[in-house]
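*Asks:* Here is my input; please provide its structure:
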Amino acid sequence: MRSDNITKGAEKAPQRALLKAMGYTDSQLRKPYIGIVNSFNETVPGHIHLPQIARAVKDGVLSAGGTPSEFNVIAVCDGLAMGHNGMRYSLCSRELIADSIECMVNAHYYDALVFIPNCDKIVPGMMMAAARLNIPSIFVSGGPMLSLDGYDLNSSFEAVGAYMNKSITEQELIDIENKSCPGCGSCSGMFTANSMNCLLEALGMALSGNGTIPAVYSERLRLAKKAGEQIMELFAKDIK
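*Replies:* A predicted model of the protein is given here:
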């Protein structure tokens, strides 16, 4: 296993000591070391709930005989970055994501990876990392946001134009704003995030339902557990 580079042999006692400082046991250090690449933050609605997804993934890895270890990467929200200089940072964030994952994985010799993205540039950034690293990998995304009463993020964009044309009042604009994004998940609409999460399925990098199961459904957590189990099979068969 790749992880033998940090866990096997008398000369690796210092590395094992560092891992044991985090609570890992000897039996855990003999199992495949599975990296959980999480893009959680409290800035992006598509990523706010990813700790629950990561927990489910780790449960799946543990149940299938692996040792999970989570680390995080950045995630830019194109919606929040839109209309100002912030958008200059969105596209280039893909390289930062890929570079940081490559650094973490090759520095710590993970045996396989479960990627947890959701929004626009994070999915391709993680895919770039998976291609570079070429070790067993699977994706499970955070899932799409639900709409509310027929409103979604597009409704807010359209409402701005309607308000500027004096077709609706300021209060009507606020009412639409309050219904457009009712909870966590990637923005409900045919945007990059949902398209990329569906593409992951088509490429064979994610399980069926990855692009369509809503973020708030328990089915999404079950999918995450299955992904955690599936990575162990990919590792055992060296599928990459």
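*Asks:* Show me where this structure has its strands.
*Replies:* Secondary structure of the chain by DSSP state E: the strands cover 33-38, 67-72, 112-116, 137-139.
*Asks:* Output those as JSON lines; include the columns mean pLDDT and mean neighbour count.
*Replies:* Heads up, the C-betas are built off the backbone N, CA and C, glycines and all. Converted to JSON lines, the strands of the chain look like this (pLDDT from 0 to 100; neighbours: other CB atoms under 10 Å):
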{"stretch": "strand 33-38", "mean pLDDT": "98", "mean neighbour count": "25"}
{"stretch": "strand 67-72", "mean pLDDT": "98", "mean neighbour count": "18"}
{"stretch": "strand 112-116", "mean pLDDT": "99", "mean neighbour count": "28"}
{"stretch": "strand 137-139", "mean pLDDT": "99", "mean neighbour count": "25"}
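*Asks:* which stretch among those strands comes nearest Thr7?
*Replies:* strand 33-38 (7.4 Å; CB to CB).
*Asks:* Put the alpha carbons of the closest one into CSV.
*Replies:* Extracted C-alpha coordinates of strand 33-38, given in CSV (Å, rounded to 0.1, in the frame of the first residue of the first chain):
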residue,chain,number,x,y,z
TYR,A,33,-5.6,4.9,4.5
ILE,A,34,-8.5,6.7,2.7
GLY,A,35,-8.4,10.5,2.2
ILE,A,36,-11.7,12.3,2.4
VAL,A,37,-11.3,15.5,0.4
ASN,A,38,-14.0,17.9,1.7
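*Asks:* follow-up on the earlier one: any chance of the strands of the chain in JSON lines, plus distance to Pro214?
*Replies:* Output for those, formatted as JSON lines (distance: least, CB to CB, whole Å):
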{"stretch": "strand 33-38", "distance to Pro214": "19"}
{"stretch": "strand 67-72", "distance to Pro214": "23"}
{"stretch": "strand 112-116", "distance to Pro214": "16"}
{"stretch": "strand 137-139", "distance to Pro214": "17"}
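*Asks:* Quick one: closest of these to Ala236.
*Replies:* Of all the strands of the chain, strand 112-116 comes closest under CB to CB, at 9.6 Å.
*Asks:* what comes into contact with the closest one?
*Replies:* Outside strand 112-116, the residues that touch it by CB atoms under 8 Å, 6 or more residues apart in numbering are 32, 34-40, 50, 53-54, 57, 61, 66, 68, 105, 126, 129-130, 133, 135-142, 224, 227-228, 231-232, 234-235.
*Asks:* Okay, now the sheet partners of that strand, with direction.
*Replies:* If you go by DSSP bridges, strand 112-116 pairs up with strand 33-38 (parallel), strand 137-139 (parallel).
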